[in-house]
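>>> here is the input, now give the coordinates:
(chains A and B)
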Amino acid sequence: MTHTGHRVRRQGRDVVFDAILYSICAVLLLIILYPLWFIVIASFSDPSAVAGGHVWVWPVGFTLDGYDELLKQPKVWLGYRNTIAYTVAGTLIGLAVNIPAAYALSRKDLWGRKGLMGLYVFTMFFSGGLIPIFLTVQQAGLYNTFWVLVLPFSVSAYNIIVARTFFETSLPPDLWDAAQIDGCGNLRFFFTMALPLSKAVISVIALWTAVGQWNSYFNALIYIRDENLYPLQLIMRNILITNQNFAALGTGEAAMIAMRRANLVRYAMIIIATVPIMCVYPFIQKYFDQGVMIGAVKG
Amino acid sequence: MQSTRYRSVRRITRNWGLYLLLLPSLVLLVMFAYKPMYGIIIAFKDYKNSLGIMGSPWSDPLLKNFMRFFNSFQCKTTIRNTLWLSLYSMLAGFPIPIMLALMINQITAKRFRKGFQTILYLPHFISTVVMVGLLLIWLSPSTGLIGTIYRMFGKEAPNLMGMASAFPSLYVWSDIWQHAGWDSIIFLAALSSIDPTLYEAATVDGASRWQKLCYIDLPLILPTACIMLILRAGNLMNVGFEKVFLMQNDLNMQTSEVIATYVYKMGLKNNQYAVSTAVNLFNNVINFVLLVLVNGVTRKLGDTSLW
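Just a heads-up that it's a prediction; the model follows:
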């Protein structure tokens, strides 16, 4: 009797616990999703309905004007094309530079391994600073070129640590010993054995690099002057942020209407720039998680 | 002596392939990470572009460029803003990922849990430019969400993006909105490594889920939490340029000017290379010292350290 009483009370406590837990979850989901959903519906809505506060759950006065106006601008297409090129090139170079280095540094018989590793890690914590780096890039003749966004800063100590940890923990050392006896050299072993066995870590690093490239604007802001080389993020900065400050200064009916139309273009801009990442994200999320776990082993 | 040198030479020549694999990254590292470090001496020179780094005369007194910053009226504000922004981020942004991880860990419905995590991590992948664009849209007093909400109560919304007093909170809380979910992954990993027999024993003893959370989960992720907190403390003088720069405008400059934005403006807008490099160096050195100190502390506390 008392035993069942205990169990009932315990279940009662757990029900209350679950109720609180799931309500907090619901609130959090709302806090994250609603502001994003608002941009989606606002991008399809009549701008005056948005400004009047009539748009809450579904688009009001459905329109594609924002997208229409945005896609008419050649610089948006150009930015999109450039960003794709930067992302592809940056990812390939990033992999070509970091993965081989990580493999070499994972080998315990590499002479000078500790010192070399220190050379990479040190750059995570200390740098020459903005101006010295700027002058170096300029001197190398990379200022205002395509390559400045994909080549000089492609070495990532963090990615090397992650990949190195993976090689150390998942490539059995016997494998190299056996290959060596069969007369297999380091390079052949790396390309024909180590690489095919490391698809997991390669995809993690590729995805990190790709998302980083897609989203970055700082290097372009500093090193790119030619508008034909602008990545999407920089064009977006001008549309979303720089112009906004000017728009806010205008008053009167005409300024108001212009501002609302400009806002419509902004909503569309956000959707267009973010959709590619949001579309692939759910499929690649597990790789990202894994990457964080691998990195956490020795962060 | 002779034989050890012979042995290391042999170890190098035998593994020449490995050095070949290292070569591309080493070249880039030397060219674009280490070579600029030599450029730091600009901070101690009266730098003229036409004379180059070596040709420019040493500044007299040697610390002239540093003194110019320390004596300027922006010095106190930029240092104060930098410290306050990172301290605020640290204090507000630290407990939330832990709470999220504890919560996610309690969700028993597998599919809901997965979906919840996916959505929680989602904002992490939004670019900084879009994030600041979103802030401007939501917070626009005339057309944004906040304007609508204020008008429902018959009030005029303030222009938060133009308020110096609102800037730190906007910066910190939008960061939390964007990254807290993602930051919880590391704590989830710590939680998943807890020995399940502890929970079984607690169940036998009649502990409720809340009690298990308080007396098993919380104490067992405390070491991870400590290390994360200390690591953050090592970055105290390191406020990222990207977001602050985008959120900055003439109206909120008083609280939004940080060392990173000051270095950028001094250097690339005003072409004061030497002063900019000096301020940058001052900041980097403090950061580095903090990090070494913090690493020493973590090493004392446990077996986890950065190097």
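>>> count of residues packed around residue 84?
This is for chain A. The local packing of A:Ile84 (other CB atoms under 10 Å in any protein chain shown) involves 15 other residues. Where C-beta positions appear, they are placed from N, C-alpha and C, glycine not excepted.
>>> actually it's chain B I care about, not the one you picked
By other CB under 10 Å, neighbour count at B:Trp84 equals 15.
>>> B:Ile40 too?
By the criterion of other CB under 10 Å, B:Ile40 has 21 neighbours.
>>> where does the chain dip in pLDDT?
Went with chain A since none was named. Applying pLDDT under 70 to chain A picks out residues A:1-11, A:243-252, A:288-299.
>>> look at chain B instead
For chain B, the stretches flagged by pLDDT under 70 are B:1-4, B:301-307.
>>> do that again at 50, thanks
Per-residue confidence for chain B (pLDDT under 50) gives these ranges: B:1, B:307.
>>> and the longest helix for it?
Of all the elements of type helix in chain B, the one with the most residues (DSSP state H) is helix B:273-301.
>>> give the buried residues for it.
Of the residues in helix B:273-301, those buried under the neighbour-count criterion (16 or more other CB atoms under 10 Å in any protein chain shown) are B:273-284, B:287-288, B:290-291, B:294-295, B:298.
>>> what's the answer for stretch B:164-178, then?
B:166-168, B:170-172, B:174-178.
>>> same question, stretch B:9-28
By neighbour count with 16+ other CB under 10 Å, stretch B:9-28 contains the buried residues B:15, B:17-19, B:21-22, B:24-26, B:28.
>>> what does that stretch contact?
Residues outside stretch B:9-28 that contact it (CB atoms under 8 Å, 6 or more residues apart in numbering or on different chains) are A:96-98, A:100-101, A:103-105, A:107, A:109-112, A:116, A:119-120, A:151-152, A:154-155, A:160, A:185-187, A:190.
>>> related to what we said a few turns ago, near chain A, list only the ones from the buried residues of stretch B:164-178.
Intersecting the buried residues of stretch B:164-178 with the surroundings of chain A, defined as CB under 8 Å from any CB of the partner chain, gives B:Trp177.
>>> so the residue nearest the centre of chain A is in which element?
When chain A is reduced to its mean C-alpha position, the nearest residue by CA atoms, centre = their mean turns out to be A:Val211, at 2.9 Å. With secondary structure defined by DSSP states H and E, A:Val211 is part of helix A:199-215.
>>> show me what that helix is packed against.
For helix A:199-215, the packing partners by 3 or more CB pairs under 8 Å, 6 or more residues apart in numbering or on different chains; DSSP states H and E come out as helix A:74-106, helix A:157-170, helix A:252-297.
>>> off-centre distance for that helix?
8 Å (CA atoms, centre = their mean, to the nearest Å).
>>> same deal with stretch B:236-255?
The gap between where stretch B:236-255 is centred and where its chain is centred comes out at 13 Å by CA atoms, centre = their mean.
>>> hmm, back to that, list the buried residues in the helix holding A:Val211.
By 16+ other CB under 10 Å, the buried positions in helix A:199-215 come out as A:201-202, A:204-215.
>>> tell me the one among those residues nearest to B:Leu145.
Nearest to B:Leu145 among these, counting by CB to CB, is A:Asn215 at 23.8 Å.
>>> from the stretch 201-307 of chain B, which residue is nearest to chain A?
When distances are taken as CB to the nearest CB, the stretch 201-307 of chain B reaches nearest to chain A at B:Asn280, 3.5 Å away.
>>> neighbours around A:Lys75, how many?
Burial of A:Lys75 is recorded as 15 neighbouring residues (other CB under 10 Å).
>>> who's in contact with it?
Under the criterion of CB under 8 Å, 6+ apart, the contact list for A:Lys75 reads A:227, A:230, A:235.
>>> what's the spacing between A:Pro100 and chain B?
Going from A:Pro100 to chain B by CB to the nearest CB, to the nearest Å gives 4 Å.
>>> tell me who's in contact with that residue.
Under the criterion of CB under 8 Å, 6+ apart, the neighbours of A:Pro100 are A:190, B:21-22, B:24-25.
>>> before we move on, the earlier item: buried subset of the contacts of A:Lys75, written for ChimeraX?
Buried residues within these, by 16+ other CB under 10 Å, are selected in ChimeraX with:
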select /A:230,235
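>>> and which of the contacts of A:Lys75 is nearest chain B?
The shortest gap between chain B and any of those belongs to A:Ile235, at 9.5 Å (CB to the nearest CB).
>>> in which helix or strand does the closest one reside?
For A:Ile235, the element it lies in under DSSP H and E is helix A:232-237.
>>> and that helix, what does it pack onto?
Counting contacts by 3+ CB pairs under 8 Å, 6+ apart, the secondary-structure elements packed against helix A:232-237 are helix A:74-106, helix A:218-223, helix A:252-297, helix B:128-139.
>>> contacts for it?
Applying CB under 8 Å, 6+ apart, the contact partners of helix A:232-237 are A:75-76, A:78-80, A:82-83, A:215-217, A:220-221, A:224, A:269-270, A:273, B:127, B:129-130, B:133, B:246.
>>> just give the closest residue to B:Trp177, not the sequence neighbours.
B:Pro123 (6.2 Å; CB to CB, 6 or more residues apart in numbering or on different chains).
>>> name all residues that make contact with residue 215.
Chain wasn't specified; assuming chain A. The contact partners of A:Asn215, taken as CB under 8 Å, 6+ apart, are A:233, A:277, B:125-129.
>>> should've been chain B
B:202, B:207.
>>> A:Val204 versus A:Thr165, what's the distance?
Relative to A:Val204, A:Thr165 is positioned 11 Å away (CB to CB, to the nearest Å).
>>> oh, I was asking about A:Met193
Taken as CB to CB, the spacing of A:Met193 relative to A:Val204 amounts to 20 Å.
>>> ok, now A:Val150?
Distance check for A:Val150 against A:Val204: by CB to CB, it reads 19 Å.
>>> what of A:Arg13?
According to CB to CB, A:Arg13 and A:Val204 sit 41 Å apart.
>>> what's the answer for B:Leu62, then?
When B:Leu62 is compared with A:Val204 (using CB to CB), they lie 47 Å apart.
>>> next one: A:Asp65
Using CB to CB, one gets 41 Å for the distance from A:Asp65 to A:Val204.
>>> now do B:Gln248
Plainly put, B:Gln248 is 34 Å away from A:Val204 if you go by CB to CB.
>>> burial measure for the residue nearest to A:Tyr80 when sequence neighbours are not counted, as a count.
In space, A:Tyr80 comes closest to A:Leu232 once its chain neighbours are excluded; the distance is 5.5 Å by CB to CB, 6+ apart. Close neighbours of A:Leu232, defined as other CB under 10 Å, add up to 29.
>>> next one: B:Leu236
Neighbours of B:Leu236 under the rule other CB under 10 Å: 18.
>>> contact partners for it?
Under the criterion of CB under 8 Å, 6+ apart, the contact partners of B:Leu236 comprise B:83, B:86-87, B:90, B:287, B:290.
>>> over to B:Trp173?
For B:Trp173, the set of contacting residues under the criterion of CB under 8 Å, 6+ apart consists of B:Ala92.
>>> repeat for A:Pro276
Contacts for A:Pro276 (CB under 8 Å, 6+ apart) come out as A:Trp214.
>>> can you check A:Leu171 too?
A:106, A:194, A:197-198.
>>> again, 10 Å this time
A:103, A:106-107, A:189, A:193-194, A:197-198 (CB atoms under 10 Å, 6 or more residues apart in numbering or on different chains).
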